[in-house]
Structure formats: C-alpha cells, structure tokens
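Asker: Structure for this input, please:
(one chain, ligands or ions: 1)
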Amino acid sequence: MIVVKDVSKQYGDFTALQNVDLEFGNGLYGLLAPNGAGKTTLIKMLATLISPTKGEIFYNGKNINDMDDQYRERLGYLPQQFGYYKNYSPKQYLLYLAALKGIGKKEALNKIDELLEKVALSDVVNKKMKKFSGGMIQRVGIAQALLNDPEILILDEPTAGLDPKERARFRHLLTDLARDRLVIISTHIVSDIESIANEIIMIRNKQLLYKDSVADICATLNGCVFETTIDYGQLEDFRKNNILLSEKQEYGQMTVRFIHKGNSEDEWTSVPPQLEDVFLYEYRDELEGEN
Ligand SMILES: Nc1ncnc2c1ncn2[C@@H]1O[C@H](COP(=O)(O)OP(=O)(O)OP(=O)(O)O)[C@@H](O)[C@H]1O
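Answerer: Down below sits the predicted model:
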C-alpha cells in the first residue's frame, strides 16, 4: 500500500501541491484534473523522480525515497513523453531496456514475448517503430513499464493523442493490469477512467478535492443536474442564472444540460449526474479559458 502523508511540493516560490493525503491499495486509480493542476507533480513524486518539499510517501510502511532501488524495482512508470528509438523494433527496444535493468537475455526474451502479446503487438515485434501509430507506441510504453513485473504501475496521461478505438483498447488493458497490482493513471479526459477506475482522485487549488468512487463523486450533485429545451434567444440569460454543462442545437432550439441549486422549474427534467458533470462543475473556473 502507498500512503501519501501531508505532502506539499514547491517549485521555488510556486506551490504546486499543498498538504495532500492519499492512500492507495490494489486496483485502478484515476487521477483526474485539468492541465496544470499538479497531476504530473504528484506522479513524479510517486515515481521518486522528485521529492516532496514537505511530507512523506510510504510504501508498505517505508519511506519510498529511503527504499531507493528497492522501491523502484517494484515500480513501472510511463512518463508523459517517453523516449524511444524510432529505428528500433519493439523487441530491440525492450531488450535494450531489459539489459539496462539488469535482466538476463534469455529471461528478457521470454518476458518480452509475453508482454508484447499482452499489449497486442505480437504481429509487429520486429517492425521498426517509426511506422507505428500513437496507440501502438503507447502500448510499447506500457510494455516497457511492465518489464520488471511491477507491483505498482504509474502511467502519466497515457491516452494523450489516441483515437477512440485505441482508448477503448487501453481501458481493457488497464483493467486487466489492475487485477493484481496497483495502477495509477493520470488524465484530463473523464471517459478514459470513468468506467474502469475503482477510485477517482481529483485535485483542485493545489489540494485534494475528492478521492472516492465514481458513484460517490457523482452523488455530490444529486438533484442538481437538469436538462431542458430553450429558445436560442434565452441562452444568454440562462447562462447567467445556471451553470451550463452542455448545449446542443436542435431544430432552432437549444437543449441544455445544466446545474441549478435551489428550486427547480416544472419544464426542467432532473437527470442523474455523470462524472463529466462533476468535472465541468468543479473545474469551471479553470476550464473557462479553454472553450
Ligand atoms: N519544474 C517546475 N518549475 C516550476 N513550475 C513547475 C515545474 N513543474 C511544474 N510546474 C508548475 O506546477 C503546476 C503543476 O504542474 P504539473 O505538470 O504537475 O500539472 P499537470 O496537472 O500534470 O498538468 P499537465 O498535464 O499539463 O502536465 C503548473 O502550474 C506548472 O506550471
């Protein structure tokens, strides 16, 4: 189990994270927040690439920085941008990394075959990676993170740039990997993790906002999410009085999904909150500039 205890991280005068407490057991955890919220900072601390300015991180009761290699032997990590050699085949690349990790060649070859099968790249083991799609490269990235059979697997925005089909494949793979290990994946895309994460972690204003199941996080907006149809001309006023989540134009009218706390109106339909609703609601200030 990993315990993050009262961890803060400063970059010079800038505070990236403040007083974060977290616990991770086995299973799949989705670290969900907009860009710049501090996901990579947390992940780099969990991977011992940077140290907390304050607080400690423990693995099974021991400080991970003190554990040093003992911890890293148990860790698989895929950074946001991972370096690979495009003229190498996946097999050559993984053999090279295995050698760096001190894994013997025979053992490495067996392991590499097994891993490339797991990430569905068996038919391209000897093909140069320069022809690979973004999804295929990310799967090579996962395979390299699994070389040492890690108890902990940490993936920083692994679905960036993937198409919907690759994302779906990724979700299956992650579910499979999380059966017998701790998997932490960071993303700003709700649908990447909504259906697969045991728990979602949300960070806002440098602090932990939620660490809970999707159902419990959604329940924070129970009774507050509605849909209705309005005339296009009413949209501006509607925006002033409600928090708009989405709008769709249909036959000259607008179907809007929105949040309203307080008395509702008869023509509004109350709908069950989705994780996307909570995301848009909680990060409405951060997301404002993006649309
Ligand atoms: N080395 C650094 N020096 C100074 N500020 C940094 C450094 N690394 C990150 N930051 C700042 O800390 C904040 C959190 O960055 P971080 O990369 O952890 O966010 P993130 O949620 O992972 O976003 P992204 O997905 O864009 O990487 C940002 O405001 C960022 O500019």
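
Asker: Around the ligand, pick out the residues from the chain.
Answerer: For the chain, the contact set with the ligand under C-beta under 6 Å from any ligand atom comprises 11, 14, 16, 33, 35-41, 157. All C-beta spots, glycine's among them, are computed from the backbone N, C-alpha and C.

Asker: mind checking pLDDT for the residue of the stretch 151-291 of the chain found nearest the ligand?
Answerer: Nearest residue of the stretch 151-291 of the chain to the ligand: Glu157, at 5.9 Å (C-beta to the nearest ligand atom). pLDDT recorded at Glu157 is 90.

Asker: rewinding a little: okay if I get the residues of the chain next to the ligand as a markdown table plus neighbour count and secondary structure?
Answerer: Listed next are those as a markdown table, based on neighbours: other C-beta atoms under 10 Å; DSSP: H, G, I helix; E, B strand; the rest coil:
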| residue | neighbour count | secondary structure |
| --- | --- | --- |
| Tyr11 | 10 | strand |
| Phe14 | 8 | strand |
| Ala16 | 19 | strand |
| Ala33 | 21 | coil |
| Asn35 | 11 | coil |
| Gly36 | 11 | coil |
| Ala37 | 23 | coil |
| Gly38 | 22 | coil |
| Lys39 | 24 | helix |
| Thr40 | 19 | helix |
| Thr41 | 20 | helix |
| Glu157 | 22 | coil |
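
Asker: Which residue ranges of the stretch 101-250 of the chain form helices?
Answerer: Secondary structure of the stretch 101-250 of the chain, counting by DSSP state H, counting those that start in this stretch: helices at 105-118, 134-145, 164-177, 190-193, 214-219, 235-241.

Asker: for the nearest residue to Glu250 once chain neighbours are set aside, what are its contacts?
Answerer: Nearest residue to Glu250, sequence neighbours excluded (C-beta to C-beta, 6 or more residues apart in numbering): Thr229, at 7.8 Å. Thr229 makes contacts with 250, 253-256, 267, as judged by C-beta atoms under 8 Å, 6 or more residues apart in numbering.

Asker: hang on, the earlier thing: show me which pair in the residues of the chain next to the ligand is furthest apart.
Answerer: Largest separation among those by C-beta to C-beta: Phe14 and Glu157, giving 21.1 Å.

Asker: quick revisit: in this structure the residue of the stretch 151-291 of the chain closest to the ligand contacts Leu78, no?
Answerer: No - with contact defined as C-beta atoms under 8 Å, Glu157 does not reach Leu78; the gap is 9.1 Å.

Asker: Low-confidence ranges, this protein, go.
Answerer: Scanning the chain with the threshold set as pLDDT under 70 gives 289-291.

Asker: so what are the domain limits for it?
Answerer: What automatic domain parsing lists as the domains of the chain is 2-218, 223-272.

Asker: Quick check: which of the ones you listed is buried the most?
Answerer: For the domains of the chain, average neighbour numbers computed from mean count of other C-beta atoms under 10 Å are highest in domain 2-218, which has a mean of 17.

Asker: Between the two ends of it, what distance do you get?
Answerer: Start-to-end span of domain 2-218 (C-alpha to C-alpha, to the nearest Å) is 25 Å.

Asker: If you drop the residues flanking it in sequence, what lies closest to Ile259?
Answerer: Ile243 (4.2 Å).

Asker: what's near enough to touch that neighbour?
Answerer: Contacts of Ile243 by C-beta under 8 Å, 6+ apart are 258-260, 281, 284.
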